[in-house]
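*Asks:* Give me the fold of what follows.
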Amino acid sequence: MIISQDQVVLFKPQGSIDLQGGMAFSKQMLEVIPQPDQLWVIDLSEVDFMDSSGLVPLINGLTSARESGCRLVLCNVQAAVRLILELTQLDSVFEIFDTYDDIFTNTNERNLAIA
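*Replies:* From the prediction side, this is the model:
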């Protein structure tokens with residue numbers, strides 16, 4: 001599911017992000033045209049498994065967002081997914097927040113949109 005508005009785009013993948021799930025997630029992300037100064041949020045609360053091929057859409061999304069002047073963050077990362085991010089040291093590349101609300105603790109960006 002993708003939620004998009006002017007300033008915030010929320011991606012909420014579900015289930016496993018493996019080779020097949022990763023390709024579907026990549027396709028979802030490609031449907032959104034990044035705009036400068038947008039905030040892309042990937043809510044991983046409903047992702048219970050991710051393997052190395054599932055990292056590809058996250059890295060591609062981060063690259064695309066940065067090239068377009070967007071900020072991409074992760075939230076609600078489950079333990080199994082966090083472990084993959086830590087083992088690959090990508091936990092130091094991505095901004096990771098415990099909850100969706102934590103993202104907005106120090107900012108007034110709250111214009112949520114769903115695409």
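*Asks:* What's opposite the residue nearest the centre of the chain in the beta bridge?
*Replies:* Geometric centre of the chain, nearest residue: residue 42, 2.5 Å, by CA atoms, centre = their mean. Beta bridges link residue 42 to residue 11, residue 74 when assigned by DSSP bridges.
*Asks:* Contacts only, for it.
*Replies:* With contact set as CB atoms under 8 Å, 6 or more residues apart in numbering, residue 42 has these partners: 11, 12, 13, 58, 61, 72, 73, 74, 75. To be clear about C-beta, it is placed using only N, CA and C from the backbone, and glycine gets the same treatment.
*Asks:* The fourth one - how many residues pack around it?
*Replies:* In other words, residue 58. Neighbour count of residue 58, defined by other CB atoms under 10 Å: 27.
*Asks:* Likewise for the first one?
*Replies:* Residue crowding around residue 11 was assessed by other CB under 10 Å; the count is 23.
*Asks:* returning to that earlier point: tell me the confidence at the residue nearest to the centre of the chain?
*Replies:* At residue 42, the pLDDT value in this model is 96.
*Asks:* now do residue 105
*Replies:* Residue 105 is assigned 82 on the pLDDT scale.
*Asks:* Please tell me how far it sits from residue 90.
*Replies:* Residue 105 sits 23 Å away from residue 90, going by CB to CB, to the nearest Å.
*Asks:* Which of those two has more residues huddled nearby?
*Replies:* Of the pair residue 105 and residue 90, residue 90 is the one with more neighbours under other CB under 10 Å, namely 16 against 8.
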